[in-house]
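S.K.: With the input below, show me the fold.
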Amino acid sequence: MRALIGLIVGAAVFASGTSHAQTAGDYPNKPVRLLVPYAPGGPADLIARIIGQKFTEAFGKQFYVETQPGGGGNIGTAALARAPADGYSLLVNSQALVINASLYKSLPYDPEKDLVAITRIATTPNVLIVNPSVPAKTVKELVDLMRANPDKYHSYAHPGLGTPANLSGELFKLSQKISLTSIPFGGGGPLAQSVLAGHTPVSFASLPPSVVHIQSGGIRGLAVTGEKRVEGLPNVPTMEEAGFPGQIGETPIGILAPAGTPKEIVDLLHRKAVEIVAMPDVKAKLAAIGFSPIGDTPAQFAAYLKAENVKWARVIREAGLKIN
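M.R.: Okay, the predicted model is just below:
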């Protein structure tokens with residue numbers, strides 16, 4: 001009897017192990033959804049389509065993009081968090097994933113417990129821009145102008161409440177102890193047009209919708225909020241180079257999966273994603289929309305998100321930002 005029980009248990013263990021190995025080894029054996037929790041045409045959507053096409057070519061199965069906008073990314077992210085943890089539903093999101101934890105009164109998901117990081121695909125800084133009519137060629141000159149003319153230069157525009165560009169503006173305002181009113185817009189495109197027209201002459205903006213106008217001279221870029229200069233804007237310094245350290249503020253786009261997704265699948269997706277972002281044509285496509293490739297490890301991406309949560313929670317609290 002004991003021998004029979006041993007054989008049954010051993011067979012069960014073997015079958016379980018074989019099934020798990022097939023789960024990873026046969027992946028993917030059907031289409032994979034890349035869920036973007038924002039409207040079509042934005043940076044996350046564009047990058048998801050670039051990466052999705054390459055995943056499709058690499059795996060021989062379709063990786064298709066599905067957008068579920070709303071709630072600052074919360075609706076789509078919550079839907080992904082509730083999806084089966086089998087590797088067939090993946091999230092393409094920015095650090096709004098962790099910013100929203102401090103910005104909103106409550107979230108329909110837990111960014112640390114409900115999701116597992118795979119990799120940061122790429123990142124882009126924000127940029128401090130002005131209309132050419134503003135008599136400031138540097139960040140220091142702009143700060144001096146704001147302090148000397150508080151009635152004229154008393155505000156800055158941004159793409160929307162709680163966006164990375166808005167938070168960069170608030171971080172700058174708090175660090176320089178300047179009284180500035182923030183003017184939200186419904187996205188980077190409308191904002192760029194307003195700065196071009198001179199309606200809102202000073203702005204912290206996301207880089208992708210702004211870079212073409214900076215290159216053409218329609219908008220003056222004073223500084224980017226990244227660790228290094230942007231390839232397409234070699235003459236625009238970083239905030240630190242401009243004399244204002246501690247102003248790092250970026251918009252990373254990364255891939256995540258529901259918590260519980262097999263580690264073998266997470267590791268496989270990570271390896272393929274790193275290979276993809278290193279491809280020359282992918283680098284060129286990312287650069288064209290103002291992004292630089294990253295391709296870090298799941299552990300590094302998770303640590304980055306956690307650090308961003310702590311950093312921006314303080315800025316949100318001190319600036320008094322809140323969305324119900």
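S.K.: then stretch 280-293 to CSV, C-alphas only?
M.R.: Presented in CSV, the C-alpha positions along stretch 280-293 are these (Å, rounded to 0.1, in the frame of the first residue of the first chain):
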residue,chain,number,x,y,z
PRO,A,280,18.7,49.9,-34.3
ASP,A,281,15.3,50.3,-36.0
VAL,A,282,13.5,50.3,-32.6
LYS,A,283,16.0,52.8,-31.2
ALA,A,284,15.3,55.1,-34.2
LYS,A,285,11.6,54.8,-33.8
LEU,A,286,11.8,55.6,-30.0
ALA,A,287,14.1,58.6,-30.7
ALA,A,288,11.6,59.9,-33.2
ILE,A,289,9.0,60.3,-30.5
GLY,A,290,11.5,61.6,-27.9
PHE,A,291,12.2,58.4,-26.0
SER,A,292,15.5,56.7,-25.0
PRO,A,293,15.7,52.9,-24.6
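S.K.: list the buried ones in that stretch?
M.R.: Neighbour counts over stretch 280-293 (16 or more other C-beta atoms under 10 Å) mark V282, K283, K285, L286, A287, I289, G290, F291, S292, P293 as buried. Every residue, glycine included, has its C-beta placed from N, CA and C.
S.K.: Filter those residues down to the ones in helices?
M.R.: V282, K283, K285, L286, A287 (DSSP state H).
S.K.: Low-confidence ranges, the stretch 1-150 of the chain, go.
M.R.: 1-24 (pLDDT under 70).
S.K.: in the protein, which spans are strands?
M.R.: 32-36, 63-67, 89-93, 115-130, 155-158, 181-184, 202-206, 220-224, 250-258, 292-293 (DSSP state E).
S.K.: what's the neighbour count on the closest residue to P108 other than its chain neighbours?
M.R.: In space, and not counting its chain neighbours, P108 is closest to A78: 3.9 Å by C-beta to C-beta, 6 or more residues apart in numbering. With neighbours defined by other C-beta atoms under 10 Å, the count for A78 comes to 17.
S.K.: Quick check: A78 touching P111?
M.R.: No: applying C-beta atoms under 8 Å, one finds A78 not in contact with P111, separated by 10.6 Å.
S.K.: give the contact list for the residue nearest to the spatial centre of the chain.
M.R.: Closest to where the C-alpha atoms of the chain average out (C-alpha atoms, centre = their mean) is S94, at 2.4 Å. Counting by C-beta atoms under 8 Å, 6 or more residues apart in numbering, S94 touches P43, A44, G73, P164, T251, P252, I253, G254.
S.K.: just the helices in the stretch 1-150 of the chain please.
M.R.: 2-25, 43-59, 74-81, 96-103, 139-148 (DSSP state H, counting those that start in this stretch).
S.K.: Buried residues of the third one, list them for me.
M.R.: Right, the one you point to is helix 74-81. Neighbour-count burial for helix 74-81 [16+ other C-beta under 10 Å]: N74, G76, T77, A78, A79, L80, A81.
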